[in-house]
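Visitor: Below are the sequence and a predicted model for it; my questions follow.
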Amino acid sequence: MTRLTTTLAPWTDSTLPLLARGYAWLPDRMRATHGGPVRTRLLGRPAIALRGPAAIGFFYDERHISRTAALPGPVLDTLFGQGAVHTLDGDAHRARKAMFLALLKDEAGAAALADHVVLQWSEALTGRDGGRRVVLFDETALILARSVCAWTGVPLSDEAARQMAGDCTAMVDGFATLGVRHWRARAARARQEDALAALVRLAREGEELAGDSGTAFEVVAWHRDADGRLLDPHTAAVELLNIIRPTVAIAWFAVFAAHALHRWPSHRDLLRKDADGHYARAFAHEVRRFYPFAPFVGGLAATDLTWQGETIAKDTLVLLDLYGHHHDPELWDAPYRFDPQRFVGREPGADELVPQGGGDPAHGHRCPGEDITVALLATLAAELAALDFDVPEQDLSIPLSRIPTRPRSGFVLTTARQDPRGTV
Ligand code: HEM
């Protein structure tokens, strides 16, 4: 198919259409160019959006794209934090990223975190009387906040765990809007950064905190950057939140998993019979493919570039379309069919499934938390399939105009009442 490129007049800025149309904005523009690059402006800056496996290779070549100064302040002040690993390039990025990879790309560590989640899930849901009305999104965010803070070695009272869960979801919920949600996200980030920076200072002064030695908290608190210096306590807090906040954000995928089980209940039996966990993993991959979460990633052209004959001037904002990639009929058979079978018996290729970025996490900005995400999502999907619950009447629509989106109701369920004879 011939690829076309749209060129917009410089005064045509797509920021408002993006805010208004959300996930649909870029795929619609891509459709008009038959998947070819889309030229536009965002926040007044010239931008080009790319899609597909070749574009992933191009985008994740660090000679092409730089991240320093690429992310707008409102996104840093809510989602990632100022000075975060997301904003670094070259040696500074490699040194910081190595810390995340050592902590997060560890099978035993991911399994230990999943054990925390199973324990918290059973205390919150399976180990309680039936007949409870639960908003799954809120409950899962709390389960994940308690689990990841225990795993990271951040001591939290029950009240502080609730605050952490609410603040982490607020940070994610408010990064792509200018309204009330945005200001709530800023306040949430400021509160948690201050609290964690204070903990880092205490640890450096020799205070004994609750965690064992070797925890993620200890590693981040004592991490030395490429310049050989400890992170200032505030940046250490930002990076601790870059472990805690996205782990809590797996609650978005958990409600999508519940949505899929409700809409296509046959997967429930397959998960219940899944002794080796292979189907749960395939199911987790398909949830990450099918449902919308990160719409795209972006960086700045590090120099004048050429992409498939298109010139891209230095400092142009280059976007890589993630959501559109997963629904592109040239890349997926029946992309709008929810079908975990796509991933049964195989792991997806590195640049095939990219909800958390593409390329090699060791050399680029791909998410280092992908193994943890898949492990926790598979665990939560299996727990959900095993739980007996009813789904009362509610609004389960998922508005594509909202970033990030989720079923509007947060997925309300009522746990089944236990039969006095012990059967359900
Ligand atoms: C909830 C599911 C998650 C989604 C949808 C997600 C998505 C992403 C995306 C799209 C990126 C940016 C990739 C790029 O810029 O090229 C990213 C980066 C990152 N993610 Fe995740 N992520 C998730 C879970 C996690 C978890 C569980 C952790 C940690 C425990 C984590 C830690 C990070 C970090 C530290 C980065 C920055 C990497 C870098 O700049 O080199 N994420 N994630």
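Guide: Thanks, I have it.
Visitor: so does the helix or strand Ile244 falls within get close to the ligand?
Guide: Secondary structure assigned from DSSP states H and E places Ile244 in helix 233-248. Yes - residues of helix 233-248 are located near the ligand by Cβ under 6 Å from any ligand atom, namely 242-243, 246-247. For the C-beta atoms, the positions are set from N, CA and C on the backbone; glycine is no exception.
Visitor: just the angle between whichever helix or strand Ala141 is part of and helix 233-248, please?
Guide: Following DSSP H and E, one finds Ala141 within helix 136-152. Between the direction of helix 136-152 and that of helix 233-248, the angle (axes from the mean of the first three to the mean of the last three Cα atoms, to 10 degrees) works out to 130 degrees.
Visitor: pLDDT on helix 136-152, on average?
Guide: The average pLDDT for helix 136-152 rounds to 98.
Visitor: what's the offset of the helix or strand following it from the middle of its chain?
Guide: Beyond helix 136-152 on the C-terminal side, the first helix or strand identified by DSSP H and E is helix 158-173. Per Cα atoms, centre = their mean, to the nearest Å, the displacement of helix 158-173 from the mean C-alpha position of its chain is 16 Å.
Visitor: What of stretch 71-81?
Guide: On the basis of Cα atoms, centre = their mean, stretch 71-81 sits 15 Å off its chain's mean C-alpha point.
Visitor: Any part of that stretch near the ligand?
Guide: No - judged by Cβ under 6 Å from any ligand atom, stretch 71-81 stays clear of the ligand, getting no closer than 7.7 Å.
Visitor: Export only the CA atoms of that stretch, formatted as CSV.
Guide: Output for stretch 71-81, consisting of C-alpha atoms alone and laid out as CSV, is shown next (Å, rounded to 0.1, in the frame of the first residue of the first chain):
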residue,chain,number,x,y,z
LEU,A,71,9.0,15.2,28.2
PRO,A,72,6.8,18.2,28.9
GLY,A,73,7.0,19.6,32.5
PRO,A,74,3.4,18.7,33.3
VAL,A,75,4.1,15.0,32.5
LEU,A,76,7.3,15.0,34.7
ASP,A,77,5.5,16.8,37.6
THR,A,78,2.8,14.1,37.6
LEU,A,79,3.8,10.8,36.1
PHE,A,80,7.6,10.4,36.1
GLY,A,81,9.1,13.0,38.4
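Visitor: residues making contact with it?
Guide: 43, 82, 84, 86-87, 171-172, 174-176, 178, 182, 185-186, 189, 193, 237-239, 241-242, 245, 298 (Cβ atoms under 8 Å, 6 or more residues apart in numbering).
Visitor: Also stretch 91-110?
Guide: Outside stretch 91-110, the residues within contact range by Cβ under 8 Å, 6+ apart are 67, 85, 88, 151, 216, 219-220, 223-226, 239, 242-243, 361-362, 365, 368-369, 371-372, 375-376.
Visitor: go again using 6 Å as the cut-off
Guide: Counting by Cβ atoms under 6 Å, 6 or more residues apart in numbering, the neighbours of stretch 91-110 from elsewhere in the structure are 85, 88, 216, 219, 223, 225-226, 368-369, 371-372, 375.
Visitor: And stretch 360-376, by the same measure?
Guide: When contacts are defined by Cβ under 6 Å, 6+ apart, stretch 360-376 is touched by residues 60, 100-101, 104, 110, 114, 117, 246, 250, 284, 356-357, 359.
Visitor: Check which residues of the one helix or strand Ala20 maps to are buried.
Guide: Using DSSP H and E, the element containing Ala20 is helix 15-21. For helix 15-21, the buried set under the neighbour-count rule, 16 or more other Cβ atoms under 10 Å, comprises 15, 17-18, 21.
Visitor: How far off centre is that helix?
Guide: Distance, stretch centre to chain centre, for helix 15-21: 21 Å (Cα atoms, centre = their mean).
Visitor: tell me the mean pLDDT over the one helix or strand Leu199 maps to?
Guide: Of the helices and strands defined by DSSP H and E, Leu199 is found in helix 180-204. Averaging the model's pLDDT scores along helix 180-204 yields 97.
Visitor: ok, residues contacting the helix or strand following it?
Guide: Next along the chain after helix 180-204, taking DSSP H and E as the criterion, comes helix 216-221. Counting by Cβ under 6 Å, 6+ apart, helix 216-221 makes contact with 103, 152-154, 200, 203, 211, 236, 239-240, 243, all of which sit outside it.
Visitor: can you list the residues of this protein near the ligand?
Guide: Where proximity means Cβ under 6 Å from any ligand atom, the interface of the chain facing the ligand comprises 85-86, 97, 100, 104, 242-243, 246-247, 249-250, 253, 293-294, 297, 355-357, 365-369, 372-373.
Visitor: give the contact list for Gln394.
Guide: Applying Cβ under 6 Å, 6+ apart to Gln394 gives the contacts 409, 412.
Visitor: Can you say which helix or strand has it in it?
Guide: Using DSSP H and E, Gln394 sits in no helix or strand.
Visitor: For it, grab phi and psi.
Guide: Per-residue torsions, Gln394: phi -170, psi 170 (degrees, to the nearest 10).
Visitor: Now the stretch 201-350 of the chain against the ligand: closest residue?
Guide: Across the stretch 201-350 of the chain, the shortest distance to the ligand (Cβ to the nearest ligand atom) belongs to Pro246, at 3.3 Å.
Visitor: Name the SS class of Ala176, please.
Guide: Recorded secondary structure, Ala176: coil (DSSP: H, G, I helix; E, B strand; the rest coil).
Visitor: where does the spatially closest residue to it that is not a sequence neighbour sit relative to the ligand, distance-wise?
Guide: Here the nearest residue to Ala176 in space, its sequence neighbours aside, is Ile403; by Cβ to Cβ, 6 or more residues apart in numbering that works out to 4.1 Å. Relative to the ligand, Ile403 is positioned 12 Å away (Cβ to the nearest ligand atom, to the nearest Å).
Visitor: what's the answer for Pro392, then?
Guide: As defined by Cβ to the nearest ligand atom, Pro392 lies at a distance of 27 Å from the ligand.
Visitor: where does that residue land on pLDDT?
Guide: With respect to pLDDT, Pro392 has a value of 97.
Visitor: and it, what are its phi and psi?
Guide: Backbone phi and psi, for Pro392 under degrees, to the nearest 10, turn out to be phi -70, psi 170.
Visitor: Any idea how many residues pack against it?
Guide: Pro392 has 10 neighbouring residues, counting by other Cβ atoms under 10 Å.
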